[in-house]
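In: Quick one: sequence plus predicted model below, questions after.
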Amino acid sequence: MGAVPELISARSSRVAAARRLGRRNFRGKERLFLAEGPQAVREGAAHRSGGEATLVELFATVEAADRYADIVGAARDTGARVHLADEAVIADISTTVTPQGLVGVCRFLDTPFTEVLAARPQLVAVLAHVRDPGNAGTVLRCADAAGAEAVVLTDASVDVYNPKAVRASVGSLFHLPVAVGVPVEEAVRGLAGTGVRVLAADGAGRDDLDTELDRGTMGAPTAWIFGNEAWGLPEETRDLADAVVRVPLHGKAESLNLATAAAVCLYASARAQRAPGGCRTAPGAGPRS
């Protein structure tokens, strides 16, 4: 019979420190956050920033360590401390109702806004006044899938390291630069200064997305500003944009939720930018519109 693996104690200081990362003030103080579940931990183990591994610690049940041996091995390869734990300890650290047996502790990975600008992005999602962490994480995932080069969260938006936001991003938090705490005026001014066209997505927009596509203007480098889930964008924020655009509703639905509207807008830009004349068109593929 094999030896019984040694499990970390529920009273361990390491468990207590990880548990505290469920609270924003501790995350900010330690500049660490929780990545829960196999997908997030896998992406965290593969990510490096500034020459350092992002994943610094991993808690796993014996069953999960066996099922996801490749992830645990990748974590060890990065130099992360790996602790085997019983399900009660994982549940104590985790913020989910049904934990999946893996909880990682990762370093903050936000990118300075100046670095986002220096990279001259062609598609950016700006989250202004977005307060729901699930929505923030889902928009980040949509931006990643649409090929955006960056996501910017303004100083009035939710903490991107909130466990619910991290889960909703399904690993995309580790895929593209994310700038946080940027005043919306600074975000718009900086992006416009790099030649990016700034569009505010709002149900009260004068123009709709179809009109923008028909005009042939959507193929340019673009930043989309997305607002609060309940009341959209305030007038002063809409006034900063080059245009305020609504998603057309062809059926009887009253509106779209934030994440769905963001996906529609980002994919419209992604398609237009890759069409002949768009900013991502291969040289010689056609004239700019």
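Out: Structure received.

In: which strands and helices sit next to the longest helix anywhere in the chain?
Out: Longest helix of the chain, by residue count under DSSP state H: helix 258-274. Helices and strands touching helix 258-274, by 3 or more CB pairs under 8 Å, 6 or more residues apart in numbering; DSSP states H and E, are strand 123-127, helix 133-145, strand 197-201, helix 209-215, strand 222-226. For the C-beta atoms, the positions are set from N, CA and C on the backbone; glycine is no exception.

In: Let me see the ranges of the helices in the stretch 51-200 of the chain.
Out: Assigned by DSSP state H, counting those that start in this stretch, the helices in the stretch 51-200 of the chain fall at 62-67, 69-77, 87-93, 113-118, 133-145, 163-169, 184-193.

In: Adding mean pLDDT, distance to residue 236 and mean neighbour count, write these out as TSV.
Out: Compiled in TSV, those are given as follows (pLDDT from 0 to 100; distance: least, CB to CB, whole Å; neighbours: other CB atoms under 10 Å):
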stretch	mean pLDDT	distance to residue 236	mean neighbour count
helix 62-67	96	48	16
helix 69-77	97	46	16
helix 87-93	94	41	18
helix 113-118	97	20	16
helix 133-145	96	21	23
helix 163-169	95	25	24
helix 184-193	96	9	18
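
In: Please identify which of those is closest to residue 226.
Out: Among the helices of the stretch 51-200 of the chain, the nearest to residue 226 by CB to CB is helix 133-145 (6.2 Å).

In: between that closest one and helix 258-274, how big is the angle?
Out: 10 degrees (axes from the mean of the first three to the mean of the last three CA atoms, to 10 degrees).

In: what's in contact with helix 133-145?
Out: Helix 133-145 has contacts (CB atoms under 8 Å, 6 or more residues apart in numbering) with 123-125, 127, 130, 151, 153, 157-160, 162-170, 172-173, 175-176, 178, 226, 229, 257-259, 262-263, 266-267.

In: what do you get if the cut-off is 7 Å, keeping everything else the same?
Out: Helix 133-145 is contacted from outside by 125, 127, 130, 151, 153, 157-158, 160, 162, 164-170, 172-173, 175-176, 178, 226, 229, 258-259, 262-263, 266, using CB atoms under 7 Å, 6 or more residues apart in numbering.

In: ditto for stretch 246-257
Out: 202, 203, 204, 205, 208, 209, 210, 261, 264, 265.

In: quick one, phi psi at the third one?
Out: For residue 204, the backbone dihedrals (degrees, to the nearest 10) come out as phi -100, psi 10.

In: Pull the number of nearby residues for it.
Out: Neighbours of residue 204 under the rule other CB atoms under 10 Å: 11.
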